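> Predicted model and sequence below, questions to follow.
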Amino acid sequence: MPASAQVDVVRCESVEGAYQLVKLLIESGTPAHCGDQRPRLVSTAEDRVIGYRRAMADAGLSQADIVYYGAFTQASGYEMAQQLLALQPRPTAVFAANNLIAIGAFKAAQDAGLRVPEDHRHGCF
């Protein structure tokens, strides 16, 4: 769609929303971000990474930020979560950029024998 197209749009404040959510996740440790690899095509993908990184920097954790890029799909969420589960130390939470990524990530945690949210102290959720 051309930039000059006149259409109705409903959007949330993705930068601020991501920032506020990641601030909450930081209270329990170091969260990772799983998002879409196409920020130029999906503006909210880039906005959510900006919010994540701003929250990490404000908490003094900018050197610890963990960002994985995939697609807005369950399969991609599963794959990214598997990579996170292999890290040592594991992140304590996952900020999934959309519900499909979150569903895939939950399935990966379940397949790894983790209970969400009960096992958050063991890292990665």
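Alright, I've got the coordinates.
> And the biggest helix by length in the chain, what does it pack against?
In the chain, taking DSSP state H as the definition, the longest helix is helix 43-58. Contact analysis of helix 43-58 by 3 or more C-beta pairs under 8 Å, 6 or more residues apart in numbering; DSSP states H and E lists helix 14-26, strand 31-36, strand 66-70 as its packing neighbours. (Glycine included, C-beta is placed from N, CA and C.)
> for it, which positions count as buried?
The neighbour-count check on helix 43-58 (16 or more other C-beta atoms under 10 Å) flags 44-56 as buried.
> Now do it and strand 66-70, the angle between them.
Between helix 43-58 and strand 66-70, the angle comes out at 170 degrees (axes from the mean of the first three to the mean of the last three C-alpha atoms, to 10 degrees).
> and helix 43-58 with helix 14-26, angle?
With the same axes, to 10 degrees applied, the angle from helix 43-58 to helix 14-26 works out at 40 degrees.
> how far out from the middle of the chain is helix 43-58?
Relative to its chain's centre, helix 43-58 lies at 9 Å (C-alpha atoms, centre = their mean, to the nearest Å).
> Not counting its own residues, what contacts it?
For helix 43-58, the external contacting residues (C-beta atoms under 8 Å, 6 or more residues apart in numbering) are 11, 14-23, 26, 31, 33, 35-40, 62, 64-65, 67, 72, 95, 97.
> Next one: the closest residue to Gly17 other than its chain neighbours, what pLDDT does it get?
If the residues on either side of it in the chain are set aside, Gly17 comes closest to Gly51, at 6.7 Å by C-beta to C-beta, 6 or more residues apart in numbering. At Gly51 the predicted local confidence, pLDDT, stands at 95.
> So Gly51 versus Val7, what's the distance?
From Gly51 over to Val7 the distance is 25 Å, taken as C-beta to C-beta, to the nearest Å.
> What of Tyr69?
Distance, Tyr69 to Val7, using C-beta to C-beta: 28 Å.
> same question, Tyr78
For Tyr78, the distance to Val7 (C-beta to C-beta) stands at 33 Å.
> So which of the two has more stuff around it?
Between Tyr78 and Val7, Tyr78 has the larger neighbour count (other C-beta atoms under 10 Å), namely 19 against 5.
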